[in-house]
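> Generate coordinates for the sequence data below:
(2 chains)
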Amino acid sequence: MSIKQLGGIFGRNPTFNDVTIDGTLTAESGVVFGSTGGSVTSKTLDDYEEGTWTPTFNSASFTATSVSGNGTYTRIGNIVHVRFTVSFIGTSGNFAEVDAASIGGLPFTVASSRQGGGTANVSTGYLSGSRTTWQCMPFNASSNMFLGCHFANGTIARNNGMTGEAIYQV
Amino acid sequence: MALTKIATADKIEVISRQKEEESGEVVEVTSVQVRTTIKILEDDAVISQSYHRHVIQSGDDYSSEPANVQAVCSAVFGG
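Presented below is the predicted three-dimensional model:
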């Protein structure tokens, strides 16, 4: 790694007008944006991470067979964005408006809140021509953290599975 | 040329959050957040690395977790 100084003066507390880094920059304690002043925690980007997680599926409304899932996440500061797909190919019947489901296995603890910790956009029908949606929210119950979902409306086979994304605070 | 895959739970965090129940009661919710780093090595040189995450909560079965994760879970949840 090299730092090319295009402005300012090297010293005990050097100020750089422009910095070019050939390679990666490691900031072990985070990056503070703007003028600090007082507590800087609200101006510090102290976490960024990308990875995978394994969504799990549970429903009291129907029995899903051959359940499998995969998901990815990106965390930026205290916000987590997740994407996922859950398949249960071979499950019989159609989704009904009374159907409820939960997607577990979230990669980070959801900030606890009585009203849930974020928003989600989940749909069904990526394998078929007709698509419909679920109404979901990230929750952190006392011993169970999940996306709580209710099927919105429409007629579509359950074997279409679920796919979606969610954003929540940690 | 020898390829090796190594999975290590390298970041174990105890997370406590306050949660307001529907009754209005505020309860403490504690969970153990685990990051697993998956490395692919070629002749001991890392050629690929990725992260996988999951969260363990009270009541979850953590008997299949690595020893370092089990130790933290035992301390947090008891048992």
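> Could I get the contacting residues of A:G69?
A:54-57, A:84-87, A:103, A:105 (C-beta atoms under 8 Å, 6 or more residues apart in numbering or on different chains). From N, CA and C alone the C-beta is placed, and that goes for glycine too.
> and it, what are its bridge partners?
With DSSP bridges as the criterion, the beta-bridge partners of A:G69 are A:V86.
> For it, give its distance to A:P107.
If you measure A:G69 against A:P107 using C-beta to C-beta, to the nearest Å, the figure is 13 Å.
> which residue ranges form the strands in chain B?
B:3-20, B:26-42, B:45-57 (DSSP state E).
> how close does A:S61 sit to A:T155?
Plainly put, A:S61 is 15 Å away from A:T155 if you go by C-beta to C-beta.
> who has more neighbours, those two?
Under the criterion of other C-beta atoms under 10 Å in any protein chain shown, the comparison of A:S61 against A:T155 puts A:S61 first, with 14 against 9.
> picking up where we left off before, greatest separation within the contacts of A:G69: which pair is it?
Largest separation among the contacts of A:G69 by C-beta to C-beta: A:S87 and A:G105, giving 14.3 Å.
> got the residues of chain B near chain A?
Of all the residues in chain B, those in contact range of chain A (C-beta under 8 Å from any C-beta of the partner chain) are B:15, B:17-22, B:27, B:29, B:31, B:33, B:35, B:50-55, B:57-60.
> now the residues you listed: which count as buried?
Taking 16 or more other C-beta atoms under 10 Å in any protein chain shown as the criterion, what is buried in the residues of chain B next to chain A is B:15, B:17, B:19, B:29, B:31, B:33, B:35, B:51-55, B:57, B:60.
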